[in-house]
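[1] A structural model of the following input is requested.
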Amino acid sequence: MLFTALAGGMGWGIRGQYGHETGAMLAGLLVALVLVYLFGYHLSSFSAARAVALATVAIGFGGSMTYGQTLGLTQDAPLIGNMAALRWGLLGTFIKGSIWIGYFGLFLGLGLGGKKYTMVEMALALIVAIFLLYLGIFVLNEPFDPASKKLPSIYFSDHWYWEPEETLKPRREQWGGLLFALCWLIAYTGFIKKDLLARNMVLWGMLAGGLGFFLGQCVQAYHAWNVDWFQVSWLASFEPNINWWNMMEITFGAIFGCVMGPFGLWCNRHHIATNSLEEKISLEYKTELSLISFPYCSTCNLEFYVFFHV
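    Predicted coordinates:
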């Protein structure tokens, strides 16, 4: 618990210096390395590296989601005291955090489990996931026409509903697409392939991400709502020097790592593959390269979609 929490807290704290997909991958790498070291020590170096690589790339998917304005609903000065905006913003952080770490748990489970996937199976599953990515954006994240003040009905960023007189710059959200794709991958791995480790780890990942992002933002929002108290409390001398955004990130990462380690992977350790140290590579290098390149292609697809529709 301690080591995974420290890895997550440090990784997510550093992540804030980079942001987006690559920043998230740094935190994912540190947590995955600790988890595989603790629970996959019996695996070959190839199997361990594959699990870490899959989890690291997967956590980058969530980095494509916008969330700065979602956090703003809970702490921006004009909204301080607005409990409805606070609740809505925290709900958004829980949903986005769940999706974010859900991908990490899913691909970590794929890498550590003993279930075999053929190249054709993986390709078909991921092609369907890309289709559902765009479908989810269309269903849950449209319409998006800020010039006409037309925004999705479920929208967790700046909205004139909360600040009708303000000049806002709403951001395009794509959490709906990532959610649709994740649900399909859960169904495919858990019910079609019956990959118990992948299925269980994605659920633990969603819990870890939801709680981590929610509670982390609670820390930052509490400060924003109670600045006067902090300035006269025993924290008064420290308060001006504390980066409360980093406090949110560190809390998020620490909870994410804490839940995924002793609760997520430890509870499912009996589903981890029992490969011997002499395991041989069963996939050709072309297949490995194809699997590695796919997440990057998916991220590029999403980014180009957002670019051409803003």
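
[2] Spatially central residue for this protein, please.
    residue 100 (1.6 Å; CA atoms, centre = their mean).

[3] Now find how far off-centre stretch 4-21 is within its chain.
    Relative to the centre of its chain, stretch 4-21 is centred 12 Å away, using CA atoms, centre = their mean, to the nearest Å.

[4] Which residues does that stretch contact?
    Stretch 4-21 is contacted from outside by 23-24, 26-31, 33-35, 38, 60-61, 63-64, 212, 245-246, 249-258, 260-262, 299, using CB atoms under 8 Å, 6 or more residues apart in numbering. Backbone N, C-alpha and C define where each C-beta goes, glycine included.

[5] Report the contact partners of the residue nearest to the centre of the chain.
    24, 59, 61, 62, 63, 65, 209, 213.

[6] Not counting sequence-adjacent ones, nearest residue to the fourth one?
    Spatial nearest neighbour of residue 62, excluding adjacent residues (CB to CB, 6 or more residues apart in numbering): residue 100 at 2.9 Å.

[7] Could you report the separation of that neighbour from residue 124?
    Separation of residue 100 from residue 124 (CB to CB, to the nearest Å): 25 Å.

[8] and if you look at residue 207?
    From residue 207 to residue 124 the distance is 29 Å (CB to CB).

[9] how about the helices of the stretch 1-150 of the chain, start to end?
    2-15, 20-39, 45-62, 68-75, 83-112, 119-140 (DSSP state H, counting those that start in this stretch).

[10] quick revisit: so residue 207 and residue 124 - more neighbours on which side?
    Remark: of residue 207 and residue 124, residue 207 carries more neighbours, 21 against 12, as counted by other CB atoms under 10 Å.

[11] give me the element the more buried one is part of.
    Residue 207 belongs to helix 196-225 when elements are defined using DSSP states H and E.

[12] could you check the angle helix 2-15 makes with that helix?
    60 degrees (axes from the mean of the first three to the mean of the last three CA atoms, to 10 degrees).

[13] next structured bit after helix 196-225?
    Next element after helix 196-225 (DSSP H and E): helix 227-232.

[14] Could you export that next one as PDB, CA atoms only?
    What follows is helix 227-232, C-alpha atoms only, in PDB (Å, rounded to 0.1, in the frame of the first residue of the first chain):
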ATOM      1  CA  VAL A 227      -9.300  30.700   2.300                       C
ATOM      2  CA  ASP A 228     -10.100  33.000   5.200                       C
ATOM      3  CA  TRP A 229      -9.900  30.100   7.700                       C
ATOM      4  CA  PHE A 230      -6.500  28.900   6.300                       C
ATOM      5  CA  GLN A 231      -5.100  32.400   6.600                       C
ATOM      6  CA  VAL A 232      -5.800  32.600  10.400                       C
END
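
[15] so where's the stretch 151-300 of the chain uncertain?
    275-285, 295, 298-299 (pLDDT under 70).

[16] and if we set it to 90?
    163-168, 227-246, 261-300 (pLDDT under 90).

[17] What ranges does it have for its helices?
    175-187, 196-225, 227-232, 244-258, 266-267, 285-308.

[18] confidence score at the residue nearest to the centre of the chain?
    Looking at residue 100, its pLDDT stands at 95.

[19] what's the average pLDDT for stretch 6-18?
    78.

[20] CA atoms only for that stretch, dumped as CSV, please.
    Extracted in CSV, the C-alpha atoms of stretch 6-18 (Å, rounded to 0.1, in the frame of the first residue of the first chain):
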residue,chain,number,x,y,z
LEU,A,6,4.1,6.8,-2.9
ALA,A,7,4.6,5.9,-6.6
GLY,A,8,1.2,7.2,-7.5
GLY,A,9,1.5,10.4,-5.5
MET,A,10,4.9,11.3,-6.8
GLY,A,11,4.1,10.3,-10.4
TRP,A,12,0.9,12.3,-10.5
GLY,A,13,2.6,15.3,-8.8
ILE,A,14,5.3,15.3,-11.4
ARG,A,15,2.7,14.8,-14.1
GLY,A,16,1.4,18.3,-13.6
GLN,A,17,4.6,19.6,-15.1
TYR,A,18,3.9,17.9,-18.4
